[in-house]
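J.: Predicted structure and sequence below. I'll ask about it afterward.
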Amino acid sequence: MATDETHTPGTPAHDSYDTVIVGGGHNGLVAAAYLARAGQSVLVLERLGSTGGAAVSTRPFDGIDARLSRYSYLVSLLPQKIVRDLGLDFAVRKRTVSSYTPAVRGGRATGLLVGGDNTRASFAELTGDDREYEAWQRFYTMTQRVAERAFPTLTEPLPTRDGLRARIDDAEAWRTLFEEPIGVAVEERFTDDLVRGVVLTDALIGTFADAHDPSLLQNRCFLYHVIGGGTGDWDVPVGGMGALTDALAGAAQAAGAEIRVRHEATRIETDGSHAEVTVRSPAGERVLGARRVLVNASPQALAALLGDEPPAPAEGAQLKVNMLLTRLPKLRDHSVDPRRAFAGTFHIAEGYGQLADAYREAAAGRLPAAPPSEIYCHSLTDPSILGPDLAARGYQTLTLFGLHTPARLFAADNDATRAALLKATLAELDAHLEEPIADCLALDGNGEPCIEAKTPLDLEQDLRLPGGHIFHRDLSFPYATGDTGRWGVETAHANVLLCGAGAVRGGGVSGVPGHNAAMAALGR
């Protein structure tokens with residue numbers, strides 16, 4: 001959607017803008033579209049060769065016509081308000097299954113299938129009665145009430161803690177999600193280890209924490225995973241994640257925003273009312289003026305640009321694996337069709353006890369012996385990401401997201417540790433398959449298996465995510481504290497705003513920080 005600037009030094013298209021946005025990820029594009037539609041002159045600077053940041057679709061395997069969501073891959077937190085406001089040509093599809101979790105009970109392969117008419121029967125088959133299913137229904141009815149009341153506040157000025165508590169108006173839910181470790185609720189409400197683990201995973205995706213961490217970091221993660229869209233549904237982006245960022249770039253440009261790729265901001269100087277942004281590009285270095293600057297990057301990057309003291313280091317803790325298969329593997333649990341099992345989130349080694357063991361091992365500096373992870377198959381819900389020939393031949397994509405693998409574990413030897421972790425992770429998956437997943441992998445144009453793995457250190461190198469942290473830093477509760485400002489995007493400099501995932505109410509593919517930074521810039 002954007003092109004390199006071709007002007008020579010000394011003959012810029014513009015010297016000054018109402019707003020310069022540093023970073024062309026999805027939040028920066030959201031802000032650009034809103035501000036340009038409000039009549040402002042807007043310039044987006046992106047250091048890479050294309051916009052989108054972590055929300056992109058690429059063809060990672062040589063000679064293979066499969067366009068995968070390489071980093072971010074599902075949509076939950078994107079408000080329809082943003083889609084409507086910006087007139088985006090973008091759609092999502094509901095998954096037919098929420099999750100499948102394989103298990104072995106009494107020496108027999110079985111599993112828990114959540115979603116559709118057979119959910120109650122699947123619970124009963126696994127646990128022997130209806131008690132866990134009924135507890136599940138009560139618990140998620142509670143979280144949906146919270147979602148309905150909390151999600152709309154994400155695109156409003158930050159409520160106070162008391163204001164959000166009054167809006168939720170449910171003392172039990174407030175205590176469960178905001179005041180006591182989520183492990184308390186999981187252990188009080190559920191008895192089956194597998195069911196407990198499925199519930200807990202929403203508190204751990206992208207977050208390195210124990211179920212009973214007193215910081216409630218796991219609660220903050222859980223909250224953002226269950227309130228999306230007011231329902232908690234995780235939807236599949238039609239055309240892949242790049243379809244969203246392409247639509248956003250198109251909306252921003254249609255409104256008059258300029259987007260320049262291979263343009264890296266290297267310094268911001270500001271007196272609070274006017275700013276200067278130093279930019280390095282293939283044409284050389286130049287300085288641009290701006291009334292304000294929005295930074296769609298991490299808090300660490302913001303500090304570096306301003307010459308300020310950086311915040312505490314962040315640390316990611318996940319493994320991301322992309323695969324292309326010639327067919328879905330057969331399961332040892334013959335009661336479920338693989339097309340249903342992989343249509344939702346396929347949980348691996350995510351029993352409650354297994355998650356606790358994996359956390360303890362990683363915290364002690366060791367790779368988990370049984371690495372927990374979860375998989376989903378985008379192409380079952382949206383085959384448009386596959387070329388017509390691959391789709392006709394039954395090829396499928398798999399995305400795997402591993403938990404409890406903090407960046408520190410890879411520091412000594414990233415390549416060797418990545419290989420060891422991938423081998424152990426796939427072995428946990430193979431334990432529930434009738435055929436090794438390796439036998440199902442497609443081959444690329446060079447005859448190599450179509451599989452790639454990204455550690456936190458890889459993500460830091462590829463995307464400049466600090467420590468590979470997919471949320472840029474630890475998530476915060478979505479209410480105001482003493483230093484958050486009106487919208488949660490403000491900084492110590494009046495005309496510099498943070499519009500990336502590190503803003504309050506950031507994290508995930510939401511566009512919320514971009515929207516909120518635009519509202520703050522417009523004084524709304």
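T.: Looks like it arrived, so ask away. Numbers count the residues shown, from 1 in each chain.
J.: what residues are up against P329?
T.: 338, 433-437, 439-440 (Cβ atoms under 8 Å, 6 or more residues apart in numbering). Bear in mind the C-beta positions are built from the backbone N, C-alpha and C, glycine included.
J.: what pLDDT does it get?
T.: Listed pLDDT for P329 reads 98.
J.: Name the surrounding residues that touch the host helix or strand of V186.
T.: Per DSSP states H and E, V186 falls inside helix 182-189. By Cβ under 8 Å, 6+ apart, the list of residues contacting helix 182-189 from outside reads 135, 138-139, 176, 196, 199-200, 203, 210-212, 216, 218-219, 222, 352.
J.: what do you get if the cut-off is 7 Å, keeping everything else the same?
T.: Helix 182-189 has contacts (Cβ atoms under 7 Å, 6 or more residues apart in numbering) with 135, 139, 176, 196, 199-200, 203, 211-212, 218-219, 222.
J.: in the stretch 51-200 of the chain, which spans are helices?
T.: For the stretch 51-200 of the chain, the helices defined by DSSP state H, counting those that start in this stretch occupy 80-86, 119-127, 131-150, 161-168, 171-174, 182-189, 193-201.
J.: in the second one, what's buried?
T.: By 16 or more other Cβ atoms under 10 Å, the buried positions in helix 119-127 come out as 119, 122-123, 126-127.
J.: from those residues, which is closest to W234?
T.: T119 (16.5 Å; Cβ to Cβ).
J.: Check the spacing between that closest one and S98 real quick.
T.: 8 Å (Cβ to Cβ, to the nearest Å).
J.: Look up the pLDDT of G482 for me, please.
T.: 85.
J.: And for it, the neighbour number?
T.: 4 (other Cβ atoms under 10 Å).
J.: Then the one 3 residues further on?
T.: A count of neighbours around G485, defined by other Cβ under 10 Å, yields 18.
J.: The helices of the stretch 51-200 of the chain: which one's closest to H334?
T.: helix 119-127 (12.9 Å).
J.: Just want the angle from that closest one to helix 193-201.
T.: Interaxial angle, helix 119-127 versus helix 193-201 (axes from the mean of the first three to the mean of the last three Cα atoms, to 10 degrees): 120 degrees.
J.: Tell me which other helices or strands helix 119-127 touches.
T.: strand 108-114, helix 131-150 (3 or more Cβ pairs under 7 Å, 6 or more residues apart in numbering; DSSP states H and E).
J.: Just name the most buried of the ones you listed.
T.: Most buried of the helices and strands packed on helix 119-127, by mean neighbour count (mean count of other Cβ atoms under 10 Å): strand 108-114, with a mean of 21.
J.: What pairs with it, parallel or antiparallel?
T.: strand 99-105 (antiparallel) (DSSP bridges).
J.: Can you give me the buried ones in the partner strand?
T.: So for strand 99-105, counting by 16+ other Cβ under 10 Å, buried means 99-103.
J.: Those: which two are farthest apart?
T.: S99 and A103 (12.5 Å).
J.: so A66 bridges to which residues?
T.: L386.
J.: Give me the angle between the helix holding V186 and helix 131-150.
T.: Using the same axes, to 10 degrees: helix 182-189 against helix 131-150 is 140 degrees.
J.: Send me helix 182-189 as CSV with only the CA atoms.
T.: Taking C-alpha atoms only, helix 182-189 is exported to CSV below (Å, rounded to 0.1, in the frame of the first residue of the first chain):
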residue,chain,number,x,y,z
ILE,A,182,-7.3,-16.3,38.9
GLY,A,183,-6.0,-19.6,40.3
VAL,A,184,-8.3,-19.2,43.2
ALA,A,185,-11.4,-19.2,41.0
VAL,A,186,-10.2,-22.0,38.8
GLU,A,187,-9.5,-24.3,41.8
GLU,A,188,-12.8,-23.3,43.6
ARG,A,189,-15.0,-23.8,40.6
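J.: Can you report how many residues lie near D308?
T.: D308: 14 surrounding residues under other Cβ under 10 Å.
J.: er, D439 I mean
T.: Neighbour tally, D439, other Cβ under 10 Å: 12.
J.: does it sit in a helix, a strand or a coil?
T.: helix (DSSP: H, G, I helix; E, B strand; the rest coil).
J.: quick revisit: which of the buried residues of strand 99-105 lies closest to R332?
T.: Closest to R332, out of all of these and judged by Cβ to Cβ, is P102, at 7.4 Å.
J.: wait, what's in contact with that closest one?
T.: 109, 111, 331, 333, 432.
J.: Try it again at 6 Å.
T.: For P102, the contacting residues are 111, 333, 432, by Cβ atoms under 6 Å, 6 or more residues apart in numbering.
J.: Pull the number of nearby residues for the nearest residue to T101 once chain neighbours are set aside.
T.: Closest residue to T101 apart from its sequence neighbours, by Cβ to Cβ, 6 or more residues apart in numbering: H347 at 4.0 Å. H347 is flanked by 24 other residues according to other Cβ under 10 Å.
J.: Check A419 too.
T.: 12.
J.: after the strand or helix carrying it, next one along is what?
T.: Using DSSP H and E, A419 falls within helix 414-430. Toward the C-terminus, helix 414-430 is succeeded by strand 451-454 as the next helix or strand (DSSP H and E).
J.: Show me which positions of that following strand end up buried.
T.: 451-454.
J.: again, but for stretch 168-179
T.: 168, 173-174, 176-178.
J.: With stretch 395-406 instead?
T.: So for stretch 395-406, counting by 16+ other Cβ under 10 Å, buried means 395-406.
J.: can you check stretch 189-205 too?
T.: Those would be 189-190, 192, 194-205, for stretch 189-205 by 16+ other Cβ under 10 Å.
J.: And the helices in the stretch 301-450 of the chain, which stretches?
T.: Going by DSSP H, counting those that start in this stretch, the stretch 301-450 of the chain shows helices at 338-341, 352-363, 378-381, 388-392, 414-430.
J.: Tell me which of the ones you listed sits nearest to V56.
T.: helix 378-381 (13.9 Å).
J.: How about residues contacting that closest one?
T.: 93, 95, 236, 343, 386, 396-397.
J.: Spatially, which two of those are the most separated?
T.: R95 and L386 (17.2 Å).
J.: any idea how far the residue lying closest to E125 once chain neighbours are set aside lies from A124?
T.: The shortest distance from E125 to any non-neighbouring residue, by Cβ to Cβ, 6+ apart, is to T110 (6.5 Å). Here T110 is placed at a distance of 11 Å from A124 (Cβ to Cβ).
J.: circling back: just name the closest of the buried residues of stretch 168-179 to L422, please.
T.: Closest to L422, out of all of the buried residues of stretch 168-179 and judged by Cβ to Cβ, is L177, at 34.1 Å.
J.: that older thread, from the buried residues of stretch 168-179, which two are the most distant?
T.: Across the buried residues of stretch 168-179 (Cβ to Cβ), the longest gap, 10.9 Å, separates I168 and T176.
J.: Between the two ends of stretch 490-497, what distance do you get?
T.: 5 Å (Cα to Cα, to the nearest Å).
J.: list the buried ones in that stretch?
T.: For stretch 490-497, burial by neighbour count (16+ other Cβ under 10 Å) applies to 490-491, 493, 495-497.
J.: Check the offset of it from the chain's centre.
T.: 25 Å (Cα atoms, centre = their mean, to the nearest Å).
J.: Contacts for it next, please.
T.: So stretch 490-497 is in contact with 270, 272, 275, 292-294, 489, 498, 517, 520, going by Cβ under 6 Å, 6+ apart.
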